[in-house]
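Asker: need the 3D shape of this:
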Amino acid sequence: MAKPKARRTARIILLTSCTLAVAGLFGGVVRQSWLTNAAATEVVSMEAQGAEILHPMTTLLGEMVKAQSTAVRGEQVDTEGLRKALASVAELDQKYGVALQTSERLAGLTAQVETAITRGETGRAAYDTYTGLVTLTRDLIRRIGDTSHLIHDPDLDSYYLMDAAIVRLPAAIVFAGRASDLVTLAGGKVLEGEDVVRAAVARFGVSAAAEEVNDGLRKSVDFTSRSALGANIAERLDAFKAAADAFAPPTMLAELASTVAAATLAANANRVYAAANPLAHRLIGELQALLAQRQAKLGADWRFTAVAGGLVTVIGLVMLWLLAMRRTRTGPAETVDALSRDTPGDDLPVRSLTYARELFEAEELVHVGRAVRARTRGNGDAR
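Answerer: Numbers count the residues shown, from 1 in each chain. All right, here's what the predicted structure looks like:
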């Protein structure tokens with residue numbers, strides 16, 4: 001009797017252990033998937049915040065470059081445009097500044113811009129002052145790209161959009177304004193000394209940035225799953241390339257150092273950042289669309305993980321409940337009887353064998369009784 005009971009107990013323990021092991025393993029997989037999904041969601045959320053604040057930052061950079069060129073020419077700087085651009089950045093900085101670590105840098109930049117406006121410098125002094133402000137603005141853009149993880153984006157389509165929007169196009173805008181300003185400072189004369197090299201390098205920088213933007217965006221279009229990307233950026237990309245070619249023809253560096261009329265170069269510089277700025281905004285918008293798709297996919301993955309985990313938990317609990325109910329309903333004696341019906345040969349319980357023997361003996365007694373009665377009747381007839 002002890003042997004079948006031990007077997008049933010071992011069977012129940014084995015089934016329970018297997019159920020718990022499977023549930024534990026699946027729980028570990030669900031937990032790991034959950035953590036990975038949560039980390040990816042946080043990164044994409046940070047990238048989206050960075051992309052949102054890059055819109056006013058791009059506008060601010062354009063305003064800075066225009067203010068520099070205006071001050072170098074001795075004209076009145078558009079202070080209202082500068083302050084409005086700074087206010088737009090500050091508005092989003094209130095929401096994302098802590099996470100993106102931009103508040104302190106933005107406050108310093110705003111203070112220095114107000115100081116430059118108050119001084120009202122022109123000529124070479126204005127060039128030096130605003131060059132520093134432009135550098136601080138570009139550094140802040142790069143800081144946003146770094147803290148928001150945009151610079152570290154692993155997907156090729158979004159990476160090249162980011163690279164063009166916050167690295168290449170800002171460089172082209174700055175280089176265009178710098179070359180124009182250096183020619184203006186020469187006063188119609190031939191550039192001399194370091195200014196010759198600076199102007200040539202700046203014009204070459206615009207040409208190189210245009211080529212890098214074009215190559216990067218082609219790769220982005222080739223690798224993206226967003227079919228509308230190519231059509232959405234084509235027109236503005238063509239306009240930027242045309243402006244860059246007019247400002248700095250794709251020729252040898254020696255030719256870029258040749259004398260250029262200040263008015264012509266200034267007009268071409270205006271064309272460059274007039275085309276680069278809208279293109280940068282469009283690329284940031286496309287980047288936001290890609291990030292929105294990624295967020296939607298991560299949300300769907302999160303819901304699938306949650307539903308799958310819930311279903312497996314319910315199934316595991318039901319299995320454990322069924323095992324518990326079976327054990328509760330089947331008492332020790334009933335368990336032995338149930339096993340005795342399923343176990344052949346030598347495994348029959350003693351109680352079952354005893355019961356069968358008693359039946360057999362009772363049947364034998366019936367036969368013996370019949371034989372005795374028959375014999376008694378025969379003897380009586382003989383007498």
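Asker: can you tell me the SS state at Glu104?
Answerer: helix (DSSP: H, G, I helix; E, B strand; the rest coil).
Asker: next, count neighbours for it.
Answerer: 9 (other Cβ atoms under 10 Å). Where C-beta positions appear, they are placed from N, C-alpha and C, glycine not excepted.
Asker: again with the one 5 residues further on
Answerer: Leu109: 20 surrounding residues under other Cβ under 10 Å.
Asker: residues contacting it?
Answerer: Residues near Leu109 by Cβ atoms under 8 Å, 6 or more residues apart in numbering: Leu86, Leu133, Leu136, Thr137, Leu140.
Asker: buried residues in the helix or strand hosting it?
Answerer: Assigning secondary structure by DSSP states H and E places Leu109 in helix 103-119. Going by neighbour count (16 or more other Cβ atoms under 10 Å), the buried part of helix 103-119 is Arg105, Leu106, Leu109, Thr110, Val113, Ala116.
Asker: can you name the next helix or strand after it?
Answerer: The C-terminal neighbour of helix 103-119 among helices and strands, as given by DSSP H and E, is helix 123-147.
Asker: show me what the helix or strand that that next one is followed by is packed against.
Answerer: Later in the chain than helix 123-147, the nearest helix or strand by DSSP H and E is helix 156-163. Helices and strands touching helix 156-163, by 3 or more Cβ pairs under 8 Å, 6 or more residues apart in numbering; DSSP states H and E, are helix 194-223, helix 262-329.
Asker: wait, which of these is closest to Ala48?
Answerer: helix 262-329 (4.9 Å; Cβ to Cβ).
Asker: name the helices or strands packed onto that closest one?
Answerer: Under the contact criterion of 3+ Cβ pairs under 8 Å, 6+ apart, helix 262-329 touches helix 2-72, helix 156-163, helix 169-185, helix 194-223, helix 229-247.
Asker: for that helix, the averaged confidence score.
Answerer: For helix 262-329, the mean pLDDT works out to 79.
Asker: so what angle separates the directions of it and helix 229-247?
Answerer: Relative orientation of helix 262-329 versus helix 229-247 (axes from the mean of the first three to the mean of the last three Cα atoms, to 10 degrees): 160 degrees.
Asker: how distant is helix 262-329 from the center of its chain?
Answerer: Remark: helix 262-329 is offset 6 Å from the chain centroid, using Cα atoms, centre = their mean, to the nearest Å.
Asker: picking up where we left off before, format the helices and strands packed on helix 156-163 as a markdown table; extra columns: distance to Gly50 and mean neighbour count.
Answerer: Below are the helices and strands packed on helix 156-163 laid out as a markdown table (distance: least, Cβ to Cβ, whole Å; neighbours: other Cβ atoms under 10 Å):
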| stretch | distance to Gly50 | mean neighbour count |
| --- | --- | --- |
| helix 194-223 | 18 | 19 |
| helix 262-329 | 9 | 17 |
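Asker: got a list of what the residue nearest the centre of the chain touches?
Answerer: In the chain, the C-alpha nearest the mean C-alpha coordinate belongs to Val44, at 3.5 Å (Cα atoms, centre = their mean). Contact analysis of Val44 by Cβ under 8 Å, 6+ apart lists Leu291, Arg294, Gln295, Leu298.
Asker: recalculate using a threshold of 6 Å.
Answerer: Applying Cβ atoms under 6 Å, 6 or more residues apart in numbering, we find Val44 in contact with Leu291, Arg294, Gln295.
Asker: now Glu194
Answerer: Counting by Cβ under 6 Å, 6+ apart, Glu194 has no contacts.
Asker: gap between it and Thr110?
Answerer: Noted for Glu194: a distance of 31 Å to Thr110, by Cβ to Cβ, to the nearest Å.
Asker: likewise for Ala208?
Answerer: Ala208 is 32 Å from Thr110, by Cβ to Cβ.
Asker: now do Leu61
Answerer: For Leu61 relative to Thr110 (Cβ to Cβ), the value is 14 Å.
Asker: also Val213?
Answerer: On the measure of Cβ to Cβ, Val213 and Thr110 end up 29 Å apart.
Asker: per the annotation, how does this structure divide into domains?
Answerer: For the chain, automatic domain parsing gives the domain ranges 49-307, 349-383.
Asker: quick one: end-to-end length of the first one, please.
Answerer: Distance between the boundary residues of domain 49-307 (Cα to Cα, to the nearest Å) amounts to 29 Å.
Asker: distance to Val190 added to the contacts of Val44, as JSON lines?
Answerer: Formatted as JSON lines, the contacts of Val44 follow (distance: Cβ to Cβ, whole Å):
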{"residue": "Leu291", "distance to Val190": "49"}
{"residue": "Arg294", "distance to Val190": "53"}
{"residue": "Gln295", "distance to Val190": "55"}
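Asker: out of those, which is nearest to Ala231?
Answerer: Distances from Ala231 to those, taken by Cβ to Cβ, are shortest for Leu291, at 19.4 Å.
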